[in-house]
Every structure is written in structure tokens, then in C-alpha cells.
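Visitor: No letters, just coordinates:
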């Protein structure tokens, strides 16, 4: 067991016992206590509602949305297929990674807002576009003219 990579955490629904630190000794070294340990990239919290993890995913998707907006607003403009592929690679993959844990959390709204922003950028829609139309709305960007 690697004591430099290991931490101890107590998961408890009782608020009085929430701040309890465990004193676990391995090879005469006490393991440090961490209230939000990371396990396989997922940040855990006391109630297992994954609030910190979803906040991190929302920040990651928001940063990637900035890249998408720059792609969509270039002077030459990216093609619709390039925007679509970039949205899948940059934003949807990050959102899908947190999908299994987000079903139990109240903080899924943080990720949903950023995914909708990705959809709007991909489709060229404005913010007032109703949410239910986003997955099916047609792109507002004119298709390129075919050469004859």
C-alpha cells in the first residue's frame, strides 16, 4: 500500500459525525484525511451527491464552449460538420463521463446549462430558442453553394 497516494475519509449522513477524522496507521505513518477524495477521476463527497465532481465537469464544458464559439465565429467560419464533430469531441464526451453519477445529484443543472450552450453554438441558435427544440433544430448557417 502506497501511503503517499492514500487518504482516509469517513462517509456519514449524520452531520455531527461528518467532520470526524479517522486515524489509520500504515507502517507507522498516519494517513491524511481528505473530505473530498478522488477515486478514478471522480471527486467524492460526504453524502455521495457528487457536487464537487459536477462543478468540475461544468467548468470543463464551459471552457470548451469558449473554444466552440471561437470556431463558429471565425471570419471564414467552420463548416457545420466540423462544428458538429468538435461539439461531440469537446463537450458531449465530458458531459457523458459524468452522466452515471449525475442522475443522483441535485446539481445536474450545472452540466445541463453548459450542454445546452454547446447545442446552441453547434446549431447557430440564439439563447431564446426553446430547450425542447435544440436537439432537432435545423442549423441557421447557410449551406455552402455547390459549384456547377
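Guide: Yes, it's here. Note that this is a predicted model, so its numbers are computed, not measured.

Visitor: what's the following helix or strand after the lengthiest helix in the chain?
Guide: For the chain, the longest helix by residue count, based on DSSP state H, is helix 51-72. Downstream of helix 51-72, the next assigned helix or strand under DSSP states H and E is helix 80-87.

Visitor: show me where pLDDT drops low in this structure?
Guide: Along the chain, segments meeting pLDDT under 70 span 74-77, 98, 101, 104, 133-148.

Visitor: now the strands for it?
Guide: Taking DSSP state E, the strands of the chain run over residues 25-26, 29-30, 38-39, 42-43.

Visitor: Determine which stretch of those strands is the most buried.
Guide: Of the strands of the chain, the one with the most neighbours on average (mean count of other C-beta atoms under 10 Å) is strand 42-43, at a mean of 16. (C-beta placed from N, C-alpha, C; glycine too.)

Visitor: Check which strands are paired with that one and give the direction for each one.
Guide: Here strand 42-43 has these sheet partners by DSSP bridges: strand 38-39 (antiparallel).
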